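S.K.: Model the following, please.
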Amino acid sequence: MVGRNLLEAYPDLVTRRLDEYYRDALERQVRIVSQRLHGFLLSMPGIEGSAFTRMQQSARIAPLIEDEQVIGTITVIDDVTERIEREDRLVALLANEKTARAEAEAANRAKDEFLAIVSHELRTPLNAILGWAQILRTTQTNKESSTRGLEIIENNAKAQAKLIEDVLDASRIITGKLRLDVRPIDLGPIIKSAVETARPAAAAKSIHIETALEPWGGLVSGDPNRLRQIIWNLIFNAIKFTPNSGKVEVRLQRIDSQVQVTVKDTGQGISADFLPHVFDRFRQADSSRARTHGGLGLGLAIVRHLVELHGGTVHADSDGEGRGSTFTVKLPVMAVRSGETSGTQDASRITEAGAPGSANSPASQPALNNLRVLVVDNESDAREILNITLTQCGARVMTATSTREALEILEEWEPDVLVSDIGMPGEDGYSLISKVRALGPERGGNVPAVAVTGYAGSEERMRLLSAGYQVHVTKPVEMEELIIAIADVARRTQNA
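M.R.: Residues are numbered from 1 along each chain as shown. Here you go, the predicted structure:
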């Protein structure tokens, strides 16, 4: 290489127009070749362990002067690989920080929108409840208006309870506290129950619900209440977004080793832009104040999480806005040993007892003829409504406001069933049941007990059962559910 012209030895310098830099150097200029702007000057292997296969370079081309005459050029190449790697890491960190900040800002906006929606959605039913309560209290209304007002109060109270339950479920999902009470389940009865529950809402919009359920699609391993919640959410979502006189199809079929539930509607459909986000928390296709449909944007997110907890998948399809949508849930079929089928089906039917539309509807709820029921609650309104309801069903009721008062009545009156609130000041429902069970059988320590609590979830249920309660009912209390629970624990005690 000694004595050869540099541009002849490295012709690619001419191709890359770097020969101009050497001509400038011969004109007494100093030129810099930057890795970022020009790439490498001369190709050299990278250092071992580097992310680059070629050395990252910074070169300085200067005139070589002797006796004030330019006799050539001199090139100094610095290895800047480590510096370039540091800069690349900083650029990547900056990009990640910008992405994280954008995601955090988007999440914060979604949170703010969600809180605004929650405020609106919770206030809306309260407005109807308070409005009708004031009308019924201050105005002379005929029987028809009074009945209508009470129906509106009841429907809005249920709607608010559903909103609160969705928020609690979302919280349990985020914190990883949502648990399943798993058992073998036949989805057929659960779907039938959900469809029957949805029919009044569908009828109000003249929507036809069509079902096609294979009689024996196979058992799945799951939590019956959570599976019912999945089906309810999908059917009510379909009804919500389907215009009047539309149609909703619910299908159950066995496909290979999976049970597939499909809910298809002729509703407004889902845009291609929103379809990938349809199962995201707090996301709604329209979250503006002028939106047509209410809700918190949690239902489908809860569906996805519950399905995944059951080892399944859920998928949404739509041909676009105005062309309907289809939601498909796939759950793995449970392997059943020979001889287990009949017993499992019986268990599934028992699980459905008490579901809306089942044999345990208000029309067929059991009477509590002469059952002695002790109600314990520090809230006077709660005591009063339980007293009135249970008395109307034939029970003899006494009430207590505290653990101390309840224990005195228990030993003197010997009730058949104890119904107690859990969240009470001073000594709560856990303290009460602990002291009751410590009394011994001869002093009423074995009285069957029903817990009424605003704390939902399988962990709370297991804690209550371990403490000594036989059944727990979650607030807001469905009275027919409470009556069934009281009759059931009393019957089991009598038959024991």
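
S.K.: Show the low-confidence segments of the stretch 101-250 of the chain, by residue range.
M.R.: Of all residues in the stretch 101-250 of the chain, those with pLDDT under 70 make up the ranges 114, 116-117, 120, 217.

S.K.: The helix or strand residue 490 falls within packs against which elements?
M.R.: Assigned by DSSP states H and E, residue 490 belongs to helix 479-495. Contacting helix 479-495 under the criterion 3 or more Cβ pairs under 8 Å, 6 or more residues apart in numbering; DSSP states H and E are the following elements: helix 380-392, strand 417-421, strand 449-453, strand 471-474. Every residue, glycine included, has its C-beta placed from N, CA and C.

S.K.: average pLDDT for the following helix or strand past the first one?
M.R.: Along the chain past helix 380-392, the next helix or strand (assigned with DSSP H and E) turns out to be strand 396-400. In this model, strand 396-400 carries a mean pLDDT of 96.

S.K.: Extract the CA atoms of stretch 192-199 and return them as CSV.
M.R.: Extracted as CSV, the C-alpha positions of stretch 192-199 are listed here (Å, rounded to 0.1, in the frame of the first residue of the first chain):
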residue,chain,number,x,y,z
LYS,A,192,-81.1,-20.9,28.6
SER,A,193,-81.3,-19.1,31.9
ALA,A,194,-79.4,-16.1,30.5
VAL,A,195,-81.6,-16.0,27.4
GLU,A,196,-84.8,-16.0,29.6
THR,A,197,-83.4,-13.2,31.7
ALA,A,198,-82.7,-11.2,28.6
ARG,A,199,-86.1,-11.7,26.9
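
S.K.: Relative to residue 41, how far out is the nearest residue to residue 74 once chain neighbours are set aside?
M.R.: Distance criterion Cβ to Cβ, 6 or more residues apart in numbering; nearest residue to residue 74, sequence neighbours excluded, is residue 64 at 4.7 Å. According to Cβ to Cβ, to the nearest Å, residue 64 stands 17 Å off from residue 41.

S.K.: out of those two, which sits in the more crowded spot?
M.R.: When residue 64 and residue 41 are compared for neighbours, residue 41 comes out ahead with 22 against 13, by other Cβ atoms under 10 Å.

S.K.: so that one touches residue 57, yeah?
M.R.: Yes - the pair formed by residue 41 and residue 57 meets the contact definition of Cβ atoms under 8 Å, at 5.6 Å.

S.K.: Show me which positions of stretch 478-494 end up buried.
M.R.: If you call a residue buried by 16 or more other Cβ atoms under 10 Å, then stretch 478-494 has these buried ones: 478-490.

S.K.: for stretch 464-479, same thing?
M.R.: Of the residues in stretch 464-479, those with enough neighbours to count as buried (16+ other Cβ under 10 Å) are 464, 467-475, 477-479.

S.K.: For residue 172, state which of the residues you listed is nearest.
M.R.: Distances from residue 172 to these, taken as Cβ to Cβ, are shortest for residue 474 (13.6 Å).

S.K.: Run through the bridge partners of the closest one.
M.R.: Beta-bridge partners recorded for residue 474 (DSSP bridges): residue 453.

S.K.: host element of residue 115?
M.R.: Here residue 115 is assigned to helix 81-138, by DSSP H and E.

S.K.: C-terminal to that helix, what's the next element?
M.R.: Using DSSP H and E, the helix or strand that directly follows helix 81-138 along the chain is helix 143-175.

S.K.: Okay, now stretch 213-230: how far is its last residue from its first?
M.R.: This stretch, stretch 213-230, spans 16 Å end to end (Cα to Cα, to the nearest Å).

S.K.: which residue ranges form the strands in the stretch 151-300 of the chain?
M.R.: 183-186, 208-213, 219-222, 247-255, 258-265 (DSSP state E, counting those that start in this stretch).

S.K.: between those strands, which gets nearest to residue 408?
M.R.: Taking Cβ to Cβ, strand 183-186 is the member of the strands of the stretch 151-300 of the chain nearest to residue 408, at 40.6 Å.

S.K.: Residue 193 reaches residue 228, doesn't it?
M.R.: Yes - between residue 193 and residue 228 there is a contact at 6.7 Å, judged by Cβ under 8 Å.

S.K.: Just say helix, strand or coil for residue 311.
M.R.: Secondary structure state of residue 311, per DSSP: H, G, I helix; E, B strand; the rest coil, is coil.

S.K.: Is it in contact with residue 330, as I believe?
M.R.: No - with contact defined as Cβ under 8 Å, residue 311 and residue 330 do not form a contacting pair (9.7 Å).
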